[in-house]
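J.: for reference, the sequence and a predicted model appear below.
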Amino acid sequence: MPAYGVPEHGNPITTTGAGVPAPSDEQSLSVGRDGPLVLHDAYLIEKMAQFNRERVPERVVHAKGTGAYGVFRVTNDVTAYTCADLFQPGRETPMLARFSTVAGEQGSPDTWRDPRGFALKFYTRQGNYDLVGNNTPIFFMRDPQKFQDFIRSQKRDPRTGLRDHTMQWDYWSLSPESAHMVTWLMGDRGIPRSYRHMNGYGSHTYMWVNAEGRRVWIKYHIHTDQGIDFLTQDEGDRLAGADADCHRRDLYDAIERGDYPSWTLKVQVMPLEDAENYRFNPFDLTKVWPHGDYPLIEVGRMTLDRIPEDFFIHVEQAAFEPNNLVPGVGPSPDKMLLSRLFSYSDTHRYRIGVNYNELPPNRPEVPVRSYAKDGRMRSFKPNTGAVYHPNSFGGPDTAVQEGTEHAWWTVEAGDLVRAAYTDHREDDDFVQARTMINDVLDDAARDRLVSNVAGHMSKITDDGVLNRAIAYWHNIDAEIGDRIADRVGVKQPV
Ligand code: NDP
Ligand code: HEM
């Protein structure tokens, strides 16, 4: 008889979740050799019950992705603009990155044409800072009322269960502010060669505040050090069948072989007082700030060098939230951003549970002193002495640092309105898409754009939507509109 805990096969002994030696992973407990199973085979019940609960809901968007840990190193002095600890000279901050597609489900191919999520979590000395961006500097809309409708138009038709190009173009062509992003998406960058070969952008305008309390507007650009590279539509289509997980695999393989991918973080800085009269509304998420107006300033470099030891724990349960801002970084009047500050923690509470911040990828590296308590799966007690505030037992107090409050100008109290942004003098839904086509793309990239759009639009099944989509391209650029109309066989643009 072997000693307790040391079976004859020499391997460590399997246990139940409670650590009790498990009876068998091969045979269930039955009444006689061929008889019925009994309910008191608690180990069998535990295995079945755990299995039934293995999945948490997938993310409502950005469900398919992958992630890795790394470090962010500051390479430049930007203390004139921000006092955030992670951006101080010489600082090294551990971090987690998750890259994703947007509309596809967990098992969907990595190479479908789609924007890519670019979510970063920095475990700073001031708590977690999350920069939850995309691989696009812009987005499809500028008001959060439109987000849910937009996403439904890109996901599956509830009747057929199919992705539906008619729905997609119906939404886009009825929402002219999408033109810049759709042009971007239909171009080369709409299918990156891998997650390593794409840029990230904060996309929104954020505020930085320096130690003197001086505030500026900024935009984040996270440039790949591997170089931008893309897949053609044909390559993407082929890989969707041949290796649907190719981007997940690429990141894993690169880090495993020690070829650590890196990105250089840069910012555009706009003085607060420029905003009011800038030629574009600087808080409109469908617009960039041209580089010529606000050049890029280097901040630091992030390098991904560690694959998480367990995908579910560290990637599926990672909970990024744009509201995780640290002193020195704040939001702006971008309405999309302001709504996102609510949305993410709400979805985490639903998807993972109220104590999601205690899980390994979300737990800050600084002590948490919060009066929040209890709830499902709570595993540590409030670090506050008493569970209420104020108290006489040395519990923590809040301390807003003078001058670092992320306020912008005071708006005179007025009527509550549901209104579009104020138009600045060059604001127009099509102008920056037109600039991209004419000033940024070369002839070959323009040809691929026409081919990608025509291929995509050829699956529209409604003539009204098709005509409106052609008109949409005419508004962006008459010649490109004609070429697309020609390719999809629409004779007269409407
Ligand atoms: P610039 O010539 O200074 O910048 C053009 C930028 O376009 C490049 O720096 C590059 O961005 C990006 N780009 C290059 N090829 C593609 C492509 N196939 N698809 C998408 N983006 C591409 O001009 P401006 O700053 O005046 O911007 C002109 C237009 O460029 C804008 O209207 C916008 O459409 C696009 N753009 C501008 C960006 C900005 O923040 N100013 C960022 C990205 C695109 P990167 O350096 O980030 O790789
Ligand atoms: C994921 C909402 C716009 C980037 C999500 C999720 C929700 C959401 C609910 C799922 C989160 C989760 O389950 O973990 C919204 C709303 C938006 C919006 C309401 C606009 C009103 C944007 C924009 C960007 C963005 C503009 C980029 C600039 C991301 C990323 C993820 C994500 C990267 C995946 C995060 C991860 O890897 O876990 N969004 N989103 N979203 N969103 Fe948004």
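T.: Nice, thanks for sending it over. Ligands and ions are numbered 1, 2, ... in the order given.
J.: name the nearest residue to residue 134, sequence neighbours excluded.
T.: Counting by CB to CB, 6 or more residues apart in numbering, residue 134 lies nearest to residue 115, which is 5.0 Å off, once chain neighbours are set aside. Any C-beta I mention is one placed from the backbone N, CA and C, and that applies to glycine too.
J.: swap in residue 265?
T.: residue 299 is the one closest to residue 265 (CB to CB, 6+ apart), at 4.6 Å.
J.: who's in contact with the one you found?
T.: 74-76, 78, 87, 265-267 (CB atoms under 8 Å, 6 or more residues apart in numbering).
J.: what subset of those is buried?
T.: For the contacts of residue 299, a burial check counting by 16 or more other CB atoms under 10 Å picks out 74, 76, 78, 87, 265-267.
J.: restrict those residues to contacts with ligand 1.
T.: On the criterion CB under 6 Å from any ligand atom, none of the entries of the buried ones among the contacts of residue 299 sits beside ligand 1.
J.: mind putting these in CSV, pLDDT included?
T.: Output for the buried ones among the contacts of residue 299, formatted as CSV (pLDDT from 0 to 100):
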residue, pLDDT
74, 98
76, 98
78, 98
87, 98
265, 99
266, 99
267, 99
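J.: which of the residues you listed lies closest to ligand 1?
T.: residue 266 (9.0 Å; CB to the nearest ligand atom).
J.: am I right that that closest one is in a strand?
T.: Yes - assessed with DSSP: H, G, I helix; E, B strand; the rest coil, residue 266 lies in a strand.
J.: my guess is it contacts residue 218, does it?
T.: No - Residue 266 lies out of contact with residue 218 (CB atoms under 8 Å); the separation is 10.0 Å.
J.: next, the buried residues of stretch 463-471.
T.: Buried residues in stretch 463-471 (16+ other CB under 10 Å): 465-471.
J.: let's see the longest helix seen in the chain as CSV, backbone CA atoms only.
T.: In the chain, with assignment by DSSP state H, the single longest helix is helix 335-351. Extracted in CSV, the C-alpha atoms of helix 335-351 (Å, rounded to 0.1, in the frame of the first residue of the first chain):
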residue,chain,number,x,y,z
LYS,A,335,-19.2,62.2,-26.4
MET,A,336,-18.1,58.7,-27.6
LEU,A,337,-15.4,58.6,-25.0
LEU,A,338,-17.6,59.9,-22.2
SER,A,339,-20.1,57.2,-22.9
ARG,A,340,-17.4,54.5,-22.9
LEU,A,341,-16.4,55.6,-19.4
PHE,A,342,-19.7,54.0,-18.2
SER,A,343,-20.1,51.1,-20.7
TYR,A,344,-17.0,48.9,-19.9
SER,A,345,-17.3,48.4,-16.2
ASP,A,346,-21.0,47.8,-16.7
THR,A,347,-20.3,45.0,-19.1
HIS,A,348,-17.6,43.5,-16.9
ARG,A,349,-20.0,43.3,-14.0
TYR,A,350,-22.4,41.3,-16.2
ARG,A,351,-19.8,39.2,-18.1
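J.: surely residue 51 forms part of a strand?
T.: No - counting by three-state DSSP, residue 51 is not part of a strand but helix.
J.: against residue 39, how distant is it?
T.: Here the criterion is CB to CB, to the nearest Å. By it, residue 51 lies 17 Å from residue 39.
J.: got the residues of the stretch 301-450 of the chain near ligand 2?
T.: So far as CB under 6 Å from any ligand atom goes, the stretch 301-450 of the chain lies against ligand 2 at 318-320, 336, 339-340, 343-344, 347, 351.
J.: tabulate those residues (CSV), appending neighbour count and distance to ligand 1.
T.: Formatted as CSV, these follow (neighbours: other CB atoms under 10 Å; distance: CB to the nearest ligand atom, whole Å):
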residue, neighbour count, distance to ligand 1
318, 24, 25
319, 22, 28
320, 24, 22
336, 21, 17
339, 14, 22
340, 18, 20
343, 15, 25
344, 18, 24
347, 17, 28
351, 16, 31
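J.: checking the residue in the stretch 101-250 of the chain that ligand 2 sits nearest to next. Helix, strand or coil?
T.: Residue of the stretch 101-250 of the chain nearest ligand 2, by CB to the nearest ligand atom: residue 117 (2.8 Å). Under three-state DSSP, residue 117 falls in the strand class.
J.: burial count for it?
T.: 23 (other CB atoms under 10 Å).
J.: any regions of the protein where pLDDT drops low?
T.: Confidence mapping of the chain against pLDDT under 70 gives the ranges 1-7, 400-406, 409-413, 492-494.
J.: how about the residue nearest to the spatial centre of it, what does it touch?
T.: Geometric centre of the chain, nearest residue: residue 117, 3.8 Å, by CA atoms, centre = their mean. By CB under 8 Å, 6+ apart, the residues touching residue 117 are 62, 65, 98-102, 132-135.
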